[in-house]
Every structure is written in C-alpha cells, then in structure tokens.
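Novice: When you get a sec, could you give me coordinates for this:
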Amino acid sequence: MIRRPTLIVPAVVAILAAAIAAAPFGPRNPKLPDELISVAAIDRVSLRINAMPEEIPLHDAQDGALREMVTEQLAAAGIEVAKKTITPHLVINCALVSNAEITDAKTVIVMIDVHQEASLSRLKRTLIVPTLTVMSEEVTAPDDLLRTVMQETRNATRVLIETIGEASKAMR
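Specialist: Numbers count the residues shown, from 1 in each chain. Now for the predicted structure:
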C-alpha cells in the first residue's frame, strides 16, 4: 500500500489545530454578570434600615444594635459606612411570610439592596437604582422574630461581603 504524504500532512495539521483550539492554555475568566461587576471594589457605603413589619418589635435601641452589627461586619471586611448618604447605598428590608394554616411558624426574609448611580445612555441621565440584592431567610417561631431578623441580617451581610470580595477579585 502506497501512502501519499500530500494527504497525510494536511490531515495531521488539521487534527493538531483542532486539538490546540479545543484545549485552553490557561484558566478562563468567565464574563461576570453586570450585577456582580457593579459591586466590585466597593469600599465605602451608606446604610439605611427600612421600617420593619409591625409584628417585629424593633425599637430604637434594637434598630441601633442592628445598624451597629452591620457596620461592624462591613468594617471588618474593609468597607466603611459613611455617616451621610452616599452611593453605593445599602438598604435593608425585612418581610414576613405566614400561612394561616400554620400558626406556629413564620418566614423572616431579609434583603439588602445595593443602590448605585447608573448612567442610562438612552435618556442621557444618571439614575440611582438597585443593582444587586442579597437575601437570607429563615422559618422561625412567632416569638423569636427579632432574634431571627438579627441572624438573617448578619447572614445577608456576610453574603454581600463575600460577593463584593469575589467580584473584586475577579475584576483584577
């Protein structure tokens, strides 16, 4: 059997080219969604805690404790909380979900919205809009709502800090 080198060489080159193109040479950096990119490198924020549902007895002292807890968590991560309103602006919201058939449990949902300035080229305006929301939820007894709000706020803040860290690392 006679082999023709004119056919073998192009076949080998084609196979090598396909193998090289299929195998990545280094780790790929997938494109992050805009929501995650928007929180990269956040190092200073302002903070607002919206009114809690009536069933959660959050008094001024507890509101202060909640604010202090979040401020300490952020500070430990290198994120300063400004005394005046700036952007990015963190807004903490809480919701309660209950089922009339289940009277001994309620779901506490804590959401932290990151509000930032965003340019809208179509309108040629800069708007302040929520760019990312993190949530934490827990089913709890009705007499344990305040403790659960504190716990879930701590959890949501931790997730936000981790998200900011991961987004910042990916953008380097």
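
Novice: Which residue ranges of the protein form strands?
Specialist: Along the chain, counting by DSSP state E, strands occupy 44-49, 80-81, 89-99, 102-120, 125-140.

Novice: and the longest one, which residues are buried?
Specialist: If you call a residue buried by 16 or more other C-beta atoms under 10 Å, then strand 102-120 has these buried ones: 106-116. For every residue, glycine as well, the C-beta is placed using N, CA and C.

Novice: Now pLDDT and distance to Asn99 too, for the residues you listed, in a markdown table please.
Specialist: Output for the buried residues of strand 102-120, formatted as a markdown table (pLDDT from 0 to 100; distance: C-beta to C-beta, whole Å):
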| residue | pLDDT | distance to Asn99 |
| --- | --- | --- |
| Lys106 | 95 | 9 |
| Thr107 | 96 | 9 |
| Val108 | 96 | 14 |
| Ile109 | 97 | 14 |
| Val110 | 97 | 19 |
| Met111 | 98 | 20 |
| Ile112 | 98 | 25 |
| Asp113 | 98 | 26 |
| Val114 | 98 | 31 |
| His115 | 98 | 32 |
| Gln116 | 97 | 36 |
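
Novice: Out of the residues you listed, flag the one nearest to Gln73.
Specialist: Ile112 (11.0 Å; C-beta to C-beta).

Novice: The closest one and Asn50, how far apart?
Specialist: Applying C-beta to C-beta, to the nearest Å, the value for Ile112 to Asn50 is 11 Å.

Novice: Mutual contacts of these two, please.
Specialist: The contact sets of Ile112 and Asn50 overlap at 91-93 (C-beta atoms under 8 Å, 6 or more residues apart in numbering).
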